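S.K.: I'd like to go over a predicted model; first the sequence, then the structure.
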Protein chains: 4
Amino acid sequence: MHRDHFYTLTASCPDQVGIIARVTGFMAEQGGWILESSFHSEADRYFMRLEIKADSLPFPLPEFLARFLPIAEGLAMDWKISDSAIKKRVVILVSQQEHCLYDLLARWQSKELDIEIPCILSNHDTFRSFVEWHGIPFHHVPVNQGAFEKIRHFFDEARGDTMVLARYMQILPPDLCATYAGRILNIHHSFLPSFMGAKPYHQAYERGVKLIGATCHYVTPDLDCGPIIEQDVIRIDHSDSPDDMVRYGKDIEKTVLARGLRYHLEDRVLMHGNKTIVFR
Amino acid sequence: MHRDHFYTLTASCPDQVGIIARVTGFMAEQGGWILESSFHSEADRYFMRLEIKADSLPFPLPEFLARFLPIAEGLAMDWKISDSAIKKRVVILVSQQEHCLYDLLARWQSKELDIEIPCILSNHDTFRSFVEWHGIPFHHVPVNQGAFEKIRHFFDEARGDTMVLARYMQILPPDLCATYAGRILNIHHSFLPSFMGAKPYHQAYERGVKLIGATCHYVTPDLDCGPIIEQDVIRIDHSDSPDDMVRYGKDIEKTVLARGLRYHLEDRVLMHGNKTIVFR
Amino acid sequence: MHRDHFYTLTASCPDQVGIIARVTGFMAEQGGWILESSFHSEADRYFMRLEIKADSLPFPLPEFLARFLPIAEGLAMDWKISDSAIKKRVVILVSQQEHCLYDLLARWQSKELDIEIPCILSNHDTFRSFVEWHGIPFHHVPVNQGAFEKIRHFFDEARGDTMVLARYMQILPPDLCATYAGRILNIHHSFLPSFMGAKPYHQAYERGVKLIGATCHYVTPDLDCGPIIEQDVIRIDHSDSPDDMVRYGKDIEKTVLARGLRYHLEDRVLMHGNKTIVFR
Amino acid sequence: MHRDHFYTLTASCPDQVGIIARVTGFMAEQGGWILESSFHSEADRYFMRLEIKADSLPFPLPEFLARFLPIAEGLAMDWKISDSAIKKRVVILVSQQEHCLYDLLARWQSKELDIEIPCILSNHDTFRSFVEWHGIPFHHVPVNQGAFEKIRHFFDEARGDTMVLARYMQILPPDLCATYAGRILNIHHSFLPSFMGAKPYHQAYERGVKLIGATCHYVTPDLDCGPIIEQDVIRIDHSDSPDDMVRYGKDIEKTVLARGLRYHLEDRVLMHGNKTIVFR
């Protein structure tokens, strides 16, 4: 994320001649300095992302929004503008595996991930002390009737923007997925669509694949079928047991989750049906 | 492949104490110089591959085979010894895509692949002149009743060791797969087990994956389900159309096929059920 | 490359507010449909690349150039527009290694590289027949006094746009590099800046690196120091001899050269001092 | 690391016929079950690594050592045997960057790295509380006259086996390197031998490379020139600033360090001059 204060406009609209001209023409009229810009068209739809230096505009964000509205309406845009000065609020859900948790907290600690973590939730009490040492509230939500209502409650109370399943290992109920559509990220420990569901490394071992992978995706009611944000793989060979694969896999899981989360938080991910445009 | 003349022993047997000692003890008694050795145990079975310098042995191969037989029988081995001086005979089947064909012929031309190619078969006449320029017989076997009998005939007549489906795009009948089990290699244009069957790049595009892959595997009657020898992937993004993916994919297809074929020809691939041990 | 007929504008200019608006505003006024657009700013300089659908403009290219000229001058641009209907003319120089030559010809044959190859030059006669089989003139230019004048002659006579050193293994004289600055591509068989000069795989072996690489770069009078277009690496280990590394290296050399050449031919590479912007 | 109790024999000796037979014959005579075995010859020297199941031997380690001694002497071996039941003692040196520290502690916490960390040393007090939360003693050793004597003292007092410079950022004096030759690991933030010394990411930015790397190597008196254990790279492009590269780089630094350290701790790394054999 830039050191400058900037606004990020993300938008999609029906494709036609002159979209970039209209949008960037508006920015130029206001004196807006574009720090970064990305455009993509696909199946008659146009996608864009712009970063505009905040202090290049002679008015604050609400005025900017108001002035941009007619352009957006004229182009029939789905759009939003986010402000880099307002930190995103990320609620992390974990279970008993440490790798993604340590990794995210290291990035948060060093401000590489410049976010608020209002709380961390877990179905186990394992990491309470570690999390609390970081000054972050920890809530133990055991798996039982009402657990997901509690999760919803903690997330809302924390005014969460994004929920991260950092190897949480529980399946969220459809209504929770629906309420927070496009705001819940999961890391799945396989190269989807291979090896959906439980024990993917054991499935990979059985099939004898030569690479294993990890996938960061948005959570939808269809298990492990949501839009993919980021993936990566690592080479294994015949000498690796499922336990070895679990160990190797951790290294890509945490990296892929961190990259996917970063893209999401920087508004680099636009959804198109069940696919994503990722403006890196 | 080494410049030296050498024998390659590949074997598997029930696991027990002392296998390496028995086998290498025998070699040492004969004065055999071991150039390379690999061992692996898995699920109570033991796998090995040894390269022995031919002129370090005071007798020719038949004598070597005869002397080794009691050891092999004592250990209840599945085994074979191949001779680096005898070039493997590889029959290549192609369709209308050029990339794997050019790639294999370049490697053959430079002796990187030090093999005989007794003939190349195709369901199209497209590459006749190119193949014949290389001095290799070309047989056009149109897809029709009897085509696979002709393929069997040409392969047998050519005394083929290995059949390579270099993007041949036709499904071999089960009896052909059975006759040449462990001797037919295919390159599939996806990271199996994802996207089996037809048009894998289009399947990949629909699913929105962020990497595409290729898989070299032994052909079995179950389409795209045979033992995997080698795989690799390449990164794509939202801007890549299925056509772009086809183009990127060619680069990994040819590399993965060449690596898998090389492992196979150097007797580096041992099968264990539907999986492979690859002693690289 | 697109199936559509399109123009590619590449430009760089001093950075200021409103550049995209000016350029895309002009396009929109003419009804120009932008197929692809990329922007980048770096050290107070602005870089861009636009693909415009040719038949969306109501006039031919010369008129387009004339109308765009005032915009370009107003922004103090270095710019050019190329026409996808005019195939680039690529002269290839080879020595005695086959891998890049086969690879480029396979891509040319299948129109993956949709270029003209007016001739191929070599300091050896090795590939004459292979090249001529493809219907491409072959000139043997032995290394001696006057060789580089002959190369210059053949390139000019062929109206070459781009010269590709496909493992040519000879050092071009400074005046040749200067005449065709930004138009000569080389593939160097190391991950530059490591292992410049001769026998990089042997240097890599001596140093004990765990990955070897290849680099596609523009040729400048400073040997192996020109702007880098593309690089890649492959994993090796202690069991690999320099000969093995040469063999592995070929696979990345040809892929890296093909990618770099493609970027260059599609006008995706803009130079900035001794560095490149590559709009992939 | 295996769940079983096992001994690891690593050895090198002059190459000759019969080495494997002698060594594995001895193991077999004692009833020793070989869990894993690797062999390599290079430049007239032979290298090996064997894991032997401890309870397959009818006597304890000292007896094993005594009985193996004549074999080892007969083959003029450099050798050692380590016992998986005795945890290696790893002293970590850090500065103010968190990523390697968090990463190593996560692996230690989950017993993926099944080691003792008797203390962590730093030239800053930044991570005292974090380290102490883990129950590990932390010593602040400011950079000044006598600092390296203190480091030596703490390492010896802790009976350290291995010293890890986890982005410690200070150059160790030659005598310290000499005392603990082959026992000090560093992570350098470039793909060596490119970009030795300070600020490698800035050097990489200046040169315009398309991949950046990290290298785990043994520390020797020649800065950044010691034997390389492990390396990896990550793709960047023109849009990445040196700061972005620092951020990307962290992800490979911690992974490469963790892999290199693991190979070292499992006695998978044998040195041969300034190169390593890594039996993965």
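M.R.: Received, thanks.
S.K.: which bits of the stretch 51-200 of chain A sit near chain C?
M.R.: A:Ser56 (CB under 8 Å from any CB of the partner chain). From N, CA and C alone the C-beta is placed, and that goes for glycine too.
S.K.: where does the stretch 151-280 of chain A get nearest to chain C, which residue?
M.R.: Nearest to chain C, among the residues of the stretch 151-280 of chain A, is A:Arg235, at 7.8 Å (CB to the nearest CB).
S.K.: ok, the residue lying closest to A:Asp44 once chain neighbours are set aside - contacts?
M.R.: Nearest non-adjacent residue to A:Asp44, counting by CB to CB, 6 or more residues apart in numbering or on different chains: A:Asp15, 5.1 Å away. When contacts are counted by CB atoms under 8 Å, 6 or more residues apart in numbering or on different chains, A:Asp15 touches A:Ser41, A:Asp44, A:Arg45, A:Tyr46.
S.K.: from what I can see the last one touches A:Val17, true?
M.R.: It stands for A:Tyr46. No: A:Tyr46 lies out of contact with A:Val17 (CB atoms under 8 Å); the separation is 10.5 Å.
S.K.: contact partners for the residue of the stretch 151-280 of chain A closest to chain C?
M.R.: So A:Arg235 contacts A:Lys210, A:Leu211, C:Arg235 (CB under 8 Å, 6+ apart).
S.K.: repeat that for 6 Å
M.R.: A:Leu211 (CB atoms under 6 Å, 6 or more residues apart in numbering or on different chains).
S.K.: repeat for the one 4 residues further on
M.R.: Taking CB under 6 Å, 6+ apart as the criterion, A:Ser239 is in contact with B:His40.
S.K.: picking that back up, comparing A:Tyr46 and A:Val17, which shows the higher neighbour count?
M.R.: A direct count of neighbours by other CB atoms under 10 Å in any protein chain shown for A:Tyr46 and A:Val17 places A:Tyr46 higher, at 20 against 17.
S.K.: looks to me like the more buried one is in a helix.
M.R.: No: counting by DSSP: H, G, I helix; E, B strand; the rest coil, A:Tyr46 falls outside a helix, being strand.
S.K.: beta-bridge partners for it, please?
M.R.: Counting by DSSP bridges, A:Tyr46 is bridged to A:Cys13, A:Ser41.
S.K.: get me the contact residues on the stretch 51-200 of chain A for chain D.
M.R.: A:Glu98, A:His99, A:Tyr102, A:Ala106, A:Gln109, A:Ser110, A:Glu112, A:Trp133 (CB under 6 Å from any CB of the partner chain).
S.K.: hang on, isn't the last one packed against D:Trp133?
M.R.: Spelled out, it's A:Trp133. Yes: at 5.0 Å, A:Trp133 counts as touching D:Trp133 under the criterion of CB atoms under 6 Å.
S.K.: coming back round to it: most neighbours, which of the residues of the stretch 51-200 of chain A next to chain D?
M.R.: Ranked by the number of neighbours (other CB under 10 Å), those place A:Ala106 first, at 25 neighbours.
S.K.: distance of that one from D:Asp125?
M.R.: To D:Asp125, A:Ala106 is 18 Å away according to CB to CB, to the nearest Å.
S.K.: same question for A:Asp161.
M.R.: Relative to D:Asp125, and taking CB to CB, A:Asp161 is found at 34 Å.
S.K.: give me the more crowded residue out of the two.
M.R.: A:Asp161 (20 against 12).
S.K.: how about that one, what does it touch?
M.R.: A:Asp161 touches A:Lys88, A:Arg89, counting by CB under 6 Å, 6+ apart.
S.K.: and for the one 4 residues further on?
M.R.: Residues in contact with A:Leu165 (CB under 6 Å, 6+ apart) are A:Leu93, A:Asn186.
S.K.: pop the domain breakdown of chain A in here.
M.R.: A:6-83, A:90-278 (automatic domain parsing).
S.K.: now render these as JSON lines, adding mean pLDDT and distance to C:Leu93.
M.R.: Compiled in JSON lines, these are given as follows (pLDDT from 0 to 100; distance: least, CB to CB, whole Å):
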{"stretch": "domain A:6-83", "mean pLDDT": "96", "distance to C:Leu93": "38"}
{"stretch": "domain A:90-278", "mean pLDDT": "97", "distance to C:Leu93": "35"}
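S.K.: deepest in the core, which of these is it.
M.R.: Of all those, domain A:90-278 has the most neighbours on average by mean count of other CB atoms under 10 Å in any protein chain shown, namely a mean of 19.
S.K.: biggest helix in chain A by residues?
M.R.: helix A:242-265 (DSSP state H).
S.K.: got a list of contacts for that one?
M.R.: A:88, A:99-100, A:103, A:185, A:187, A:189, A:201-202, A:205, A:212, A:214, A:216, A:229-230, A:232, A:234, A:236, A:269, A:278, D:112, D:251, D:255.
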